[in-house]
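Asker: I'd like to go over a predicted model; first the sequence, then the structure.
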Amino acid sequence: MQIHPKTIAILIILLLMTVLIGPGIADNKIFNSDVITEQSKIIWLCRGRPAFVLIEIGDENNSMTVHVQITEPGYTFCLKVDDGEQLSCTDFCVWYFKFEGKHIIEYWFQDSEGNNELHSILFLLFDITPPEVTITSPEAGGIYFLGRKITNHKDKTVCIGKVPIVADATDEGSGVSMVFFNIGNDSGYDSTAPYEYTYKGTHFGELTISVTAIDKNGIISEPAQITVMVFSLGIL
């Protein structure tokens with residue numbers, strides 16, 4: 001059986017920490033939440049006694065890898081992910097998971113007499129999907145006067161006077177943080193729904209409205225765009 005070089009490196013690090021640091025204390029914590037991006041992140045579940053246990057999340061494969069090195073013989077590390085089967089480790093183990101969304105990681109130790117110790121729960125929100133955003137106003141082909149739609153045009157979107165922009169944004173992972181608006185040399189943002197911004201500049205001719213959303217995990221959406229004909233003196 002071939003062992004991945006990365007796994008060997010982590011095993012060496014764990015063994016060195018066992019020798020250099022010696023027995024430590026377990027990080028016996030219950031985490032309320034931990035939002036994970038596609039960037040690599042390490043979460044320690046236990047450092048030293050009776051094992052070194054870490055979770056590595058968000059590598060290039062958008063996965064979760066659990067590394068376990070038992071340091072005290074007779075102990076078993078137990079792990080459950082959501083409603084899956086119980087996994088057990090008595091020496092050195094590497095478990096690999098690939099998923100996104102909300103997950104419950106339950107873990108504990110079992111001694112040689114079958115007693116459970118350091119039972120904890122980790123709630124993970126594994127969010128790597130960007131939010132989605134759409135422009136709901138102005139509508140394609142609409143004619144607007146001072147921000148109000150008055151009729152439709154077959155080919156162009158026309159705005160006379162100010163240009164109110166309304167966008168809809170969604171994110172099923174961590175949620176939408178804010179929406180950015182860009183029109184010509186003007187820009188702004190809104191952090192509460194409905195997401196709105198009004199262009200009040202002076203312009204005669206075409207302008208492209210570009211709207212992007214960013215979620216609470218810092219992931220940016222693809223832009224939504226619409227080109228409009230603007231006739232504005234910048235005073236109404």
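Answerer: Structure's in. What do you need?

Asker: drop to CA atoms for contacts and neighbour counts, all remaining ones
Answerer: OK.

Asker: other residues contacting the longest strand belonging to the chain?
Answerer: Ranked by residue count, the top strand of the chain under DSSP state E comes out as strand 202-215. Strand 202-215 is contacted by residues 130-135, 167, 169, 171, 174-184, 220-234 when judged by C-alpha atoms under 8 Å, 6 or more residues apart in numbering.

Asker: narrow the residues you listed to those in strands?
Answerer: Short answer: these in strands (DSSP E) are 132-135, 167, 169, 176-183, 224-233.

Asker: following element in sequence after the helix or strand of the chain with the lowest mean pLDDT, please.
Answerer: The helix or strand of the chain with the poorest confidence is strand 31-36; it has a mean of 41 (mean pLDDT, DSSP states H and E). Next helix or strand after strand 31-36 toward the C-terminus (DSSP states H and E): strand 41-46.

Asker: buried residues, that next one. List them.
Answerer: Counting neighbours by 16 or more other C-alpha atoms under 10 Å, one finds that the buried residues in strand 41-46 are Leu45, Cys46.

Asker: sheet partners, orientation included, of it?
Answerer: Take DSSP bridges as the rule and strand 41-46 pairs in its sheet with strand 51-57 (antiparallel).

Asker: output the strand it pairs with as CSV, nothing but the C-alphas.
Answerer: Output of strand 51-57 as CSV, limited to C-alpha atoms (Å, rounded to 0.1, in the frame of the first residue of the first chain):
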residue,chain,number,x,y,z
ALA,A,51,-3.3,11.6,21.1
PHE,A,52,-2.6,14.2,18.6
VAL,A,53,-5.7,14.7,16.5
LEU,A,54,-6.1,17.4,13.8
ILE,A,55,-8.5,18.2,11.1
GLU,A,56,-7.2,19.7,7.8
ILE,A,57,-10.0,21.4,5.8
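
Asker: give the next helix or strand downstream of that strand.
Answerer: Going down the chain from strand 51-57, the next helix or strand is strand 64-70, by DSSP H and E.

Asker: which elements pack onto that next one?
Answerer: helix 5-21, strand 51-57, strand 76-81, strand 92-97 (3 or more C-alpha pairs under 8 Å, 6 or more residues apart in numbering; DSSP states H and E).

Asker: send me that strand as PDB with only the CA atoms.
Answerer: What follows is strand 64-70, C-alpha atoms only, in PDB (Å, rounded to 0.1, in the frame of the first residue of the first chain):
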ATOM      1  CA  MET A  64     -11.700  17.400   5.100                       C
ATOM      2  CA  THR A  65      -8.800  15.100   6.300                       C
ATOM      3  CA  VAL A  66      -8.600  13.800   9.900                       C
ATOM      4  CA  HIS A  67      -5.200  12.800  11.100                       C
ATOM      5  CA  VAL A  68      -4.900  10.800  14.300                       C
ATOM      6  CA  GLN A  69      -1.700   9.700  16.200                       C
ATOM      7  CA  ILE A  70      -2.400   7.800  19.500                       C
END
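
Asker: now tell me what touches it from outside.
Answerer: Contacts for strand 64-70 (C-alpha under 8 Å, 6+ apart): 10-11, 14-15, 50-58, 76-77, 89-99.

Asker: in the longest strand of the chain, which residues are buried?
Answerer: By 16+ other C-alpha under 10 Å, the buried positions in strand 202-215 come out as His203, Glu206, Leu207, Ile209, Ser210, Val211, Thr212, Ala213, Ile214, Asp215.
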